[in-house]
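**Q** Test case, fold it:
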Amino acid sequence: MKNIIKSISFIFLFVIFLGQSVFSEEKKKLLSTDWSFKGYFGKFDRASLQRGYQVYTEVCSSCHSMSYLSYRNLAEKGGPEFSVEQAKAIAANFEVTDGPNDDGEMFTRPAKLSDKFVSPYQNNKEAMASNGGAYPPDMSVLVKARSGGTDYIYSLLLGYEDPPSGVILDDGVYYNKYMYGNMIKMSNPLSDGLVEYNDGTKATEKQMAKDVVTFLAWAAEPHLEARHKIGFKVIIYLIIISLLAYLSMKRLWSRIEPDV
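**A** Okay, the predicted model is just below:
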């Protein structure tokens, strides 16, 4: 009986160790870069956010929606911080269905700041039919929804390569070494010079991947900078309170004479 218990315990520990090793190895494989918003005092790079929005609009938005964002968010503090006029001009490039009008009919109009980002598809069925049966996920909180977060999305965008020998892919399926299972139905969306940045930055694959992932990180956590500021103030407050409490207790106990 003791031998059986020992064997089960050994197998259990071995499985846990093996799982941790595989998980650690998987994490090691992910690419990373110098994310400006990481750390206790991290802030979003405004220029990178604006470039990231450009990459999303020109490359990603034809398939992926961002249904939780409104055009007004592009001008809010802590985000890309386009001017209000720029955000209005961006919104006006898109048309939304509104109504009904006085005749009871729906109509289209240019989008306003208060409108949500326009989706490329009418519904999920149309999205799947247009992408070979695979549903392109909404990008609003994609960074939060994927294990590995920004590093995983960044690695995925740069992880396309020819499949190893012996690996056969179906039509419309591509090999990506960072994708779970290594197979993905989205073709490589990035290539050098694919977009022409408005600020003159060279649009390499790595630069575009970094910029669009920065934009997605902000979309998933638009109040990140405000939280960092509040957290810093709370820490300072707690330090002051702790110091005052220490001094008060020291003064209080100083009145008590020690037993001789």
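
**Q** show me where pLDDT drops low in the stretch 1-150 of the chain?
**A** 1-28 (pLDDT under 70).

**Q** Please repeat the previous calculation with a cut-off of 90.
**A** 1-29, 32, 39-41, 97-107, 122-124, 130-134, 147 (pLDDT under 90).

**Q** What are the boundaries of the helices in it?
**A** Using DSSP state H, counting those that start in this stretch, the helices found in the stretch 1-150 of the chain span residues 2-29, 46-55, 84-92, 124-129, 142-145, 149-157.

**Q** strand partners of the helix or strand following the last one, parallel vs antiparallel please.
**A** Going back to what we said before, that points to helix 149-157. Sequence-wise, the next helix or strand downstream of helix 149-157 (DSSP states H and E) is strand 174-175. Strand 174-175 has the following strand partners under DSSP bridges: strand 183-184 (antiparallel).

**Q** Kindly list the longest helix within this structure.
**A** Ranked by number of residues, the top helix in the chain under DSSP state H is helix 224-254.

**Q** Run through the residues that contact the residue nearest the centre of the chain.
**A** Residue closest to the average C-alpha location in the chain (CA atoms, centre = their mean): Val143, at 2.8 Å. With contact taken as CB atoms under 8 Å, 6 or more residues apart in numbering, Val143 is in contact with Gly149, Thr150, Ile153, Val213, Leu216, Ala217, Ala219, Ala220, Glu221. C-beta coordinates here come from the backbone N, C-alpha and C atoms, glycine included.

**Q** Pretty sure Ser36 is one of the things the second one touches, is it not?
**A** No: contact criterion CB atoms under 8 Å: Thr150 and Ser36 do not qualify, at 11.2 Å.

**Q** tell me, what's touching the two both at once?
**A** By CB under 8 Å, 6+ apart, the residues touching both Thr150 and Ser36 are Thr214.

**Q** of these two, who's got more company?
**A** Thr150 (22 against 16; other CB atoms under 10 Å).

**Q** quick one: contacts for the more buried one?
**A** Trp35, Val143, Val213, Thr214, Leu216, Ala217 are the contacts of Thr150 under CB under 8 Å, 6+ apart.

**Q** repeat that for 6 Å
**A** By CB atoms under 6 Å, 6 or more residues apart in numbering, Thr150 lies in contact with Val143, Val213, Ala217.

**Q** how close does the first one sit to Tyr175?
**A** When distance is defined by CB to CB, to the nearest Å, Val143 is 23 Å away from Tyr175.

**Q** which residues touch Ala75?
**A** Phe82, Val84, Ala87.

**Q** Repeat the analysis, applying 10 Å as the threshold.
**A** Glu81, Phe82, Ser83, Val84, Glu85, Gln86, Ala87, Lys88, Ile90, Ala91, Leu113 (CB atoms under 10 Å, 6 or more residues apart in numbering).

**Q** could the contacts of Thr150 go into a markdown table alongside distance to Glu58?
**A** Below are these laid out as a markdown table (distance: CB to CB, whole Å):
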| residue | distance to Glu58 |
| --- | --- |
| Val143 | 20 |
| Val213 | 16 |
| Ala217 | 19 |
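
**Q** quick check, nearest of the residues you listed to Ser65?
**A** Val143 (15.2 Å; CB to CB).

**Q** Not counting its neighbours along the chain, what's nearest the closest one?
**A** Nearest residue to Val143, sequence neighbours excluded (CB to CB, 6 or more residues apart in numbering): Ala220, at 4.3 Å.

**Q** looking at it, that neighbour is touching Lys144, isn't it?
**A** Yes: contact criterion CB atoms under 10 Å: Ala220 and Lys144 qualify, at 4.6 Å.

**Q** between these two, which one's more packed in?
**A** Ala220 (19 against 13).

**Q** Ser70: what's it in contact with?
**A** Glu76, Ala87, Ala91, Ala111, Lys112, Leu113, Ser114, Asp115, Lys116, Phe117.
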